[in-house]
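quick one, structure for this:
(chains A and B)
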Number of protein chains: 2
Amino acid sequence: MSPRTPAQNAQLALLLEVAGTPKPGNVDRHRDLPGLRFEHFLAGAIGAADGLELAGTGAPVGESFERAVDGMADQRGGNTQFGALLLLVPLVRASEGEDAPTPESASRVVEQTTVEDAANFYRAFDHVDVAVGDPPEDAADLDVRRGSDAIPAFEERGLTLADVMELSAPADGVAREWTTGFERSFAVADRIEGGEGSIPDRAAGAFLEALAEEPDTLVATQHGPEVAASVSEEGAALVGAPREDVEAFADDLVARAVNPGTTADIVAAGLYVALQRGVPV
Amino acid sequence: MSPRTPAQNAQLALLLEVAGTPKPGNVDRHRDLPGLRFEHFLAGAIGAADGLELAGTGAPVGESFERAVDGMADQRGGNTQFGALLLLVPLVRASEGEDAPTPESASRVVEQTTVEDAANFYRAFDHVDVAVGDPPEDAADLDVRRGSDAIPAFEERGLTLADVMELSAPADGVAREWTTGFERSFAVADRIEGGEGSIPDRAAGAFLEALAEEPDTLVATQHGPEVAASVSEEGAALVGAPREDVEAFADDLVARAVNPGTTADIVAAGLYVALQRGVPV
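From the prediction side, this is the model:
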């Protein structure tokens, strides 16, 4: 059999992430959200191929990411995997010439990003609506929701994509990964690699542990930091609990429209690293 | 957004097929079989990329198919989508230069196959165990289960891949599609295109109707023609029935280890045609 390329493993990571269940508050093998269904994630993972392939062949991170999001958007669910791709693209780029990315190789990719990468990152927001919070007061002109309209503002300031991520890190767990050597993504990879059972089951377990460890920043953006903190605490109480209790928590979060999507993004990134390390499906 | 390529739509068709539920007797969004799980199909669909891409760029059908199966096999479930790929590869090849394949363009692809295509088809059997019945008595030397060992036998006879399919057609519903202008695949595409509800739901409905119309040849191979006929009749009685009745039938077939996999292959092919016609996900 022919082994998968890094880009293909990144696509498979997106699929395994959404297949894992129960993944409380998120679309998973057994749950849809209103207007955001399982098949939208399947189409998003397939559509991201060209952008991921670009990253795998050494193209710049920003260009690869913008292309991946553009392809991902060819389905009717809207934003399915924007955050996951923002982690996967640099990790795929960091896999060039080695089996699996490391915190060091991933950090090098981050450090090498340019102002042009930042411009393409902003252009990606033109393709899909992404839930993000308000920017810091002194950076209103850098609001990502302005999409490509914001490009002159950070070009003037000479900000690279790494700089943009650093600005976003306090409020966004995906951006924070960029500033910490993808610390939580690699921790998820370790858990999946060392775990037992099917890969989707391991991913679901890793999701709950990650949620328990840190409040989800998408939940904080959409419902406030107090809700995010309490959901994280509820998750912590369920680590190691019977599956039916976690299922009930999952149903409850869907009913409350609480979607810990950032934690899911990090699980997708961890799955990718585990696949690159050779964990078999 | 960037539209998907034919090869990418073929991969998405494989994913949508396995996501449709209930799809009685098959792995679906809600059911696994012993040793053959949902995630094996996800990995199979991703692994098939390179072979499908070859077909999409005009490479020979046999070479593309062998490559697709080789990539598909990089998971621990064994044969996930061999039959589906045997339909998708010529349909992707037939999509070159037009939006969607037609019975005519697909038949042209079949007619143009060569002895070398047949050789590569046989080589594909080296990558994975496939459940097939005994060959006709006068063609024991052509038994596909011999894999590449059988190549000298049909090279001597000068058989093309189209000829091999014609020999297999009586006992194999996938091969029969090759000899009928992919008649049932296009009928499924029409149903999915004209249907209502989500695409996986339409695929599940089309599966039941296709099963009702014709006994499944994989079931006939594994359990005998009488079981295949009775399963088809049971399916016919459930077309239009309440979902819970179809769910019960699905659970029953899984319990009896009755797997109408050929019908699922045809649904995957129909999904591909529908996607190429522009049906949105």
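
tell me who's in contact with A:Glu39.
Residues near A:Glu39 by C-beta atoms under 8 Å, 6 or more residues apart in numbering or on different chains: A:75, B:15-16, B:19, B:198-200, B:281. The way it works is simple: take the backbone N, C-alpha and C, and place the C-beta from them, glycine included.

repeat for A:Arg145
Listed by C-beta under 8 Å, 6+ apart, the contact partners of A:Arg145 are A:125, A:130, A:132.

look at A:Met1 and report its pLDDT.
With respect to pLDDT, A:Met1 scores 68.

element containing the closest residue in space to A:Ala55 that isn't next to it in sequence?
Closest residue to A:Ala55 apart from its sequence neighbours, by C-beta to C-beta, 6 or more residues apart in numbering or on different chains: A:Ser64 at 3.8 Å. Applying DSSP states H and E as the criterion places A:Ser64 in helix A:61-72.

so for the helix or strand that comes right after that helix, mean pLDDT?
Following helix A:61-72 in sequence order, the next helix or strand is helix A:82-93 (DSSP H and E). The predicted model gives helix A:82-93 an average pLDDT of 98.

and after helix A:82-93, which helix or strand comes next?
helix A:103-111.

packing partners of the helix or strand just after that following helix?
Elements were assigned by DSSP H and E; along the chain past helix A:103-111, the next helix or strand is helix A:115-124. On a contact count with 3 or more C-beta pairs under 8 Å, 6 or more residues apart in numbering or on different chains; DSSP states H and E, helix A:115-124 meets helix A:61-72, helix A:151-157, helix A:161-168.

tell me the mean pLDDT for helix A:115-124?
Here the average pLDDT along helix A:115-124 is 96.

what's the angle between it and helix A:82-93?
For helix A:115-124 against helix A:82-93, the angle by axes from the mean of the first three to the mean of the last three C-alpha atoms, to 10 degrees is 150 degrees.

who in the stretch 51-200 of chain A is up against chain B?
Applying C-beta under 8 Å from any C-beta of the partner chain, we find that the stretch 51-200 of chain A lies next to chain B at A:67, A:70-71, A:73-76, A:127, A:198-200.

so how far is the helix or strand containing A:Ala45 from its chain's centroid?
In the assignment (DSSP H and E), A:Ala45 maps to helix A:38-47. Counting by C-alpha atoms, centre = their mean, to the nearest Å, helix A:38-47 is centred 14 Å from the centre of its parent chain.

so that helix versus helix A:61-72, what angle?
Going by the same axes, to 10 degrees, helix A:38-47 makes 140 degrees with helix A:61-72.

pull helix A:38-47 out as CSV, backbone CA atoms only.
The C-alpha trace of helix A:38-47 is given here as CSV (Å, rounded to 0.1, in the frame of the first residue of the first chain):
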residue,chain,number,x,y,z
PHE,A,38,-21.6,16.3,9.4
GLU,A,39,-21.5,16.3,5.5
HIS,A,40,-20.4,19.9,5.5
PHE,A,41,-17.3,18.8,7.4
LEU,A,42,-16.7,16.0,4.9
ALA,A,43,-16.9,18.4,2.0
GLY,A,44,-14.7,20.9,3.8
ALA,A,45,-12.0,18.3,4.4
ILE,A,46,-12.0,17.3,0.7
GLY,A,47,-12.1,20.9,-0.5
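
give me the mean pLDDT for it.
Across helix A:38-47, the per-residue pLDDT values average to 98.

repeat that for stretch A:215-234.
97.

which of the contacts of A:Glu39 count as buried?
Neighbour counting with 16 or more other C-beta atoms under 10 Å in any protein chain shown marks A:75, B:15-16, B:19, B:198-200, B:281 as buried within the contacts of A:Glu39.

okay if I get those as CSV plus pLDDT, distance to B:Ala84 and secondary structure?
Shown next, in CSV, are the buried ones among the contacts of A:Glu39 (pLDDT from 0 to 100; distance: C-beta to C-beta, whole Å; DSSP: H, G, I helix; E, B strand; the rest coil):
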residue, pLDDT, distance to B:Ala84, secondary structure
A:Gln75, 95, 21, coil
B:Leu15, 98, 11, helix
B:Leu16, 98, 11, helix
B:Ala19, 98, 14, helix
B:Ser198, 97, 20, coil
B:Ile199, 98, 16, helix
B:Pro200, 98, 15, helix
B:Val281, 97, 18, coil
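
could you dump the residues you listed to a markdown table with distance to A:Ala248?
Output for these, formatted as a markdown table (distance: C-beta to C-beta, whole Å):
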| residue | distance to A:Ala248 |
| --- | --- |
| A:Gln75 | 30 |
| B:Leu15 | 29 |
| B:Leu16 | 29 |
| B:Ala19 | 24 |
| B:Ser198 | 26 |
| B:Ile199 | 30 |
| B:Pro200 | 25 |
| B:Val281 | 30 |
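
if we can go back for a sec, got the confidence number for the residue nearest to A:Ala55?
pLDDT, read off for A:Ser64, is 98.

hang on, the earlier thing: distance from whichever helix or strand comes after the helix holding A:Ala45 to the middle of the chain?
Where DSSP H and E defines the elements, the next helix or strand beyond helix A:38-47 is helix A:49-56. Distance, stretch centre to chain centre, for helix A:49-56: 16 Å (C-alpha atoms, centre = their mean).

in a markdown table: the helices and strands packed on helix A:115-124, plus distance to A:Gly205 and mean neighbour count.
Putting the helices and strands packed on helix A:115-124 into a markdown table (distance: least, C-beta to C-beta, whole Å; neighbours: other C-beta atoms under 10 Å in any protein chain shown) gives the following:
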| stretch | distance to A:Gly205 | mean neighbour count |
| --- | --- | --- |
| helix A:61-72 | 26 | 27 |
| helix A:151-157 | 39 | 15 |
| helix A:161-168 | 28 | 21 |
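
hey, least reliable of the ones you listed by pLDDT?
helix A:151-157 (a mean of 88).

contact partners of it?
A:115, A:118-119, A:122-123, A:141-142, A:163-164.

apply 7 Å and report the result again.
Contact with helix A:151-157 is made by A:115, A:118-119, A:122, A:141-142, A:164, as judged by C-beta atoms under 7 Å, 6 or more residues apart in numbering or on different chains.

and if you look at stretch A:241-256?
With C-beta under 7 Å, 6+ apart as the criterion, stretch A:241-256 contacts A:22-25, A:31, A:33, A:208, A:234, A:238.
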